[in-house]
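[1] dropping the sequence and predicted coords here.
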Amino acid sequence: MISRRQVLVGGGGGLAAAGLGPAAPPARGREMGGRAHALALFLYDGAIPGADAAARVAAGAGVPAAAFGGDIGVPWLELVAPLWRAAPVPVAGITDGGALFCLEQLARGHGLCCTVRLALPVAGAARIEAAARALLGAAEGAPLRRDSAGPANLPVAWLLQPIARNVR
């Protein structure tokens, strides 16, 4: 039986070959006060109203932001998978619940899990900017409540981070 991962990777490959991916992969986060931000990438669906405001917040914190349109396959293949093949680094974003579901499934294979999930049933610029600031803080270790994402078609802000392992 074919897995979801195989479908996503295979389907995204076709889109990438057709030239429907992002123009260029983002660079790693810029140095901030002598160190790079903990987040490696902020990924957002450009179809979500106000998501570009969150991307500006992330970019202001030195985190590269990348927009995509609906299908998470291309950003997975071109941006997220190469990052996670190198190391399990934190990635945050604002997408619909379906895209987050796919990323969560793929993240597990790279040693990451969703540590923050904020439902955005009313997606205005102020609410989305606040969610972006909360994600940036959570990536740096600030405590944050994990909400239920709600229906798959609603916007959700999320943070995927490496799974903490007990080492003795």
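    The structure has been received and is ready for your questions.
[2] use CA for all of it now, contacts and neighbours both
    Will do.
[3] and the strands in this structure?
    31-32, 35-36, 41-45, 65-68, 91-96, 112-119, 155-162 (DSSP state E).
[4] adding mean neighbour count, write these out as TSV.
    TSV is the format used below for the strands of the chain (neighbours: other Cα atoms under 10 Å):
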stretch	mean neighbour count
strand 31-32	12
strand 35-36	12
strand 41-45	26
strand 65-68	21
strand 91-96	27
strand 112-119	22
strand 155-162	26
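[5] can the ones you listed go into TSV with extra columns for mean pLDDT and distance to residue 130?
    Converted to TSV, these look like this (pLDDT from 0 to 100; distance: least, Cα to Cα, whole Å):
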stretch	mean pLDDT	distance to residue 130
strand 31-32	39	21
strand 35-36	46	21
strand 41-45	95	14
strand 65-68	96	16
strand 91-96	94	12
strand 112-119	90	11
strand 155-162	92	10
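[6] kindly reformat the ones you listed as JSON lines containing distance to residue 75.
    Shown next, in JSON lines, are the strands of the chain (distance: least, Cα to Cα, whole Å):
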{"stretch": "strand 31-32", "distance to residue 75": "24"}
{"stretch": "strand 35-36", "distance to residue 75": "22"}
{"stretch": "strand 41-45", "distance to residue 75": "8"}
{"stretch": "strand 65-68", "distance to residue 75": "7"}
{"stretch": "strand 91-96", "distance to residue 75": "12"}
{"stretch": "strand 112-119", "distance to residue 75": "17"}
{"stretch": "strand 155-162", "distance to residue 75": "15"}
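[7] quick check: closest non-adjacent residue to residue 43.
    residue 93 (4.5 Å; Cα to Cα, 6 or more residues apart in numbering).
[8] brilliant, that's me finished.
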